[in-house]
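> I need the structure of the sequence given here:
(one chain, ligands or ions: 2)
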Amino acid sequence: MLPYYIQKLQVKNFRNLEEQIIEFSPSINCIFGENGNGKTNILEAIYYLIKRKSFRKNTSFPQILGIDGERPEISFQSLFINSESSEPIPFSGKWDQAGTHWFVDNKSTNRKLQVGVVFINPFDAQGFHLSASSRRTWIDDHLGQLDSNYKKALGRFTKSLRFRNKLLSTKPANYRKQIRAIDEEMSELSINLTFSRQKFLEELRPLVKKSFYDLFSEEHDLEIVLDTKISGMTKESYLEMCQKNLPKDEIIGHTHYGIHKDDYVLLFDGLNSFDYCSLGQQKMSYLSLLFAYIELFRYKFNSFPIVLLDDVSGELDKLRWQNLVAYLNERKFQVLITTANDSFKEVLDTLEGANKLMVSSGSIAKM
Ligand SMILES: Nc1ncnc2c1ncn2[C@@H]1O[C@H](COP(=O)(O)OP(=O)(O)O)[C@@H](O)[C@H]1O
Ligand SMILES: [Mg+2]
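Ligands and ions are numbered 1, 2, ... in the order given. So this is what the prediction gives:
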């Protein structure tokens with residue numbers, strides 16, 4: 001990952017955004033505007049440009065294509081600056097019914113930009129506390145961004161799991177033999193993936209506690225732990241367990257045992273934060289986790305990701321807003337923070353050096 005920030009963006013037919021050049025500062029960018037005017041759409045366009053996927057659900061081409069688009073094509077033009085070389089890199093893309101095409105310096109490319117990005121929306125903190133699958137996705141996405149081998153191994157695991165489930169539900173001739181072969185592969189992957197997850201959580205541990213303190217000036221023991229059925233297992237014992245659980249899998253028609261069922265617990269002073277914490281504390285814990293991750297990202301790549309914070313003010317009181325804003329003001333990463341909340345806007349308005357944009361019906365004005 002390279003130390004890039006986005007300097008300019010122009011999109012065409014991307015949701016309700018107007019075709020105009022939006023300029024960003026390398027540090028804090030505040031995006032104001034009432035509900036439904038296009039704040040999240042700006043973050044989504046940047047995220048899409050970097051990740052080639054959206055953070056929203058159901059985002060096929062027709063859903064993102066601007067309703068008024070006379071030509072059915074979405075386009076992206078952008079300039080990224082590498083803070084080490086200060087040479088801007090033009091990065092652009094086109095997206096139509098047939099698919100996407102990307103260009104670096106006007107040359108066609110298949111490679112993604114080596115830029116990290118993190119995103120948080122108003123529901124993420126609650127989703128993280130409410131659902132195991134959100135926690136798994138959070139860890140997989142964030143760890144995957146740090147470790148491409150993890151991402152590849154997870155891809156193979158997911159593919160094998162899908163195939164295994166298909167065999168279990170359709171039971172073609174000789175399916176047990178095929179499952180046995182899949183289990184061999186999945187056992188090895190499971191041990192490796194679990195090892196990577198544990199290592200990731202260990203690396204996060206000191207940083208989470210520190211970021212909670214840096215953010216909110218409160219000392220709490222905050223830690224995220226992996227709740228796995230397979231701790232201490234070897235590849236062989238894992239394989240044995242898969243085979244032992246096969247009769248039940250055959251009855252229910254899918255794989256009920258394995259690391260895809262593992263979970264994570266956020267412990268706040270040793271207690272499960274979902275049971276114990278107020279919504280505000282859950283949000284604070286979640287933000288601390290996110291900022292700990294950003295620090296870890298920096299250790300790994302010696303650069304920061306671009307940080308997209310969408311409407312994060314909910315559940316936090318004014319003192320926490322001030323803490324959060326002061327924290328962001330001291331960091332060296334590029335952050336885009338949106339809000340429709342007038343009181344939170346007042347706190348952000350105190351940031352003198354920040355770039356402030358106002359979005360109204362997809363049109364962006366510098367304030
Ligand atoms: N494909 C599309 N074409 C045009 N407008 C769209 C499209 N998809 C969503 N929108 C509009 O985008 C607006 C929502 O933008 P959003 O960025 O989520 O608002 P907010 O400022 O509240 O974050 C809505 O008014 C919606 O109608
Ligand atoms: Mg929004």
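> where does pLDDT dip in the stretch 51-200 of the chain?
69 (pLDDT under 70).
> would you map the strands across it?
Using DSSP state E, counting those that start in this stretch, the strands assigned to the stretch 51-200 of the chain run over residues 74-82, 88-96, 99-104, 107-109, 117-120.
> the third one pairs with which strands, parallel or anti?
The partner list of strand 99-104 in its sheet, established with DSSP bridges, is strand 88-96 (antiparallel), strand 107-109 (antiparallel).
> tell me which of those lies nearest to ligand 1.
Closest to ligand 1 of the strands paired with strand 99-104, according to C-beta to the nearest ligand atom: strand 88-96, at 12.2 Å. Every C-beta, even on glycine, is put in place using the N, C-alpha and C of the backbone.
> mean neighbour count, the strands of the stretch 51-200 of the chain: which tops it?
strand 117-120 (a mean of 22; mean count of other C-beta atoms under 10 Å).
> and it, what does it pack onto?
If contacts are counted by 3 or more C-beta pairs under 8 Å, 6 or more residues apart in numbering; DSSP states H and E, strand 117-120 sits against helix 39-51, helix 279-301, strand 306-310.
> and the angle for the shortest one with helix 39-51?
Looking back up the chat, that one is strand 306-310. 150 degrees (axes from the mean of the first three to the mean of the last three C-alpha atoms, to 10 degrees).
> contact residues of this structure facing ligand 2?
39-40 (C-beta under 5 Å from the ion).
> so which residues of the chain form helices?
39-51, 61-64, 124-130, 132-146, 148-170, 175-216, 235-244, 246-252, 273-276, 279-301, 318-330, 342-349 (DSSP state H).
> and the ones you listed, which is most packed in?
Counting by mean count of other C-beta under 10 Å, the most buried of those turns out to be helix 39-51, with a mean of 23.
> could you give the angle of it to strand 74-82?
Using the same axes, to 10 degrees: helix 39-51 against strand 74-82 is 70 degrees.
> who's in contact with helix 39-51?
6, 9, 11, 14-17, 22, 31-33, 54-56, 64, 76, 78, 91, 93, 112-113, 115, 117, 119, 121, 306, 308, 310-311, 336, 338-340, 359, 362, 364 (C-beta atoms under 8 Å, 6 or more residues apart in numbering).
> what do you get if the cut-off is 6 Å, keeping everything else the same?
Contacts of helix 39-51 with the rest of the structure, by C-beta atoms under 6 Å, 6 or more residues apart in numbering, involve 11, 14-15, 17, 31, 33, 54-55, 76, 78, 113, 115, 117, 119, 308, 310, 338, 359.
> tell me the residue of the stretch 101-250 of the chain that sits nearest ligand 1?
Across the stretch 101-250 of the chain, no residue is closer to ligand 1 than Asn121, which sits at 9.5 Å (C-beta to the nearest ligand atom).
> next, count neighbours for that residue.
Asn121 has 17 neighbours, counted by other C-beta atoms under 10 Å.
> right, and it touches Asp310 too?
Yes: contact criterion C-beta atoms under 6 Å: Asn121 and Asp310 qualify, at 4.5 Å.
> got the domain boundaries for this structure?
4-116+305-366, 125-275 (automatic domain parsing).
> ok, the longest one near ligand 1 or not?
If I follow you right, that is domain 4-116+305-366. Yes: Domain 4-116+305-366 is in contact with ligand 1 by C-beta under 6 Å from any ligand atom, via 15-16, 33, 35-41, 63-67, 359.
> between the two ends of stretch 55-75, how far is it?
Here the two ends of stretch 55-75 are set 18 Å apart, with distance taken as C-alpha to C-alpha, to the nearest Å.
> spatially nearest residue to Tyr238 (excluding sequence neighbours)?
Ser187 (4.4 Å; C-beta to C-beta, 6 or more residues apart in numbering).
> distance of the one you found relative to Gly362?
From Ser187 across to Gly362, the span is 51 Å (C-beta to C-beta, to the nearest Å).
> one more: Thr59?
Thr59 is 17 Å from Gly362, by C-beta to C-beta.
> what of Asn37?
7 Å.
> over to Ser134?
30 Å.
> which strand residues bridge Ile6?
Phe80.
> that one: how many residues sit nearby?
Ile6 has 24 nearby residues by other C-beta under 10 Å.
> show me what contacts Asp249?
168, 255-256 are the contacts of Asp249 under C-beta under 6 Å, 6+ apart.
> find the residue closest to Ile50 in space, skipping its chain neighbours.
Val117 is the one closest to Ile50 (C-beta to C-beta, 6+ apart), at 4.8 Å.
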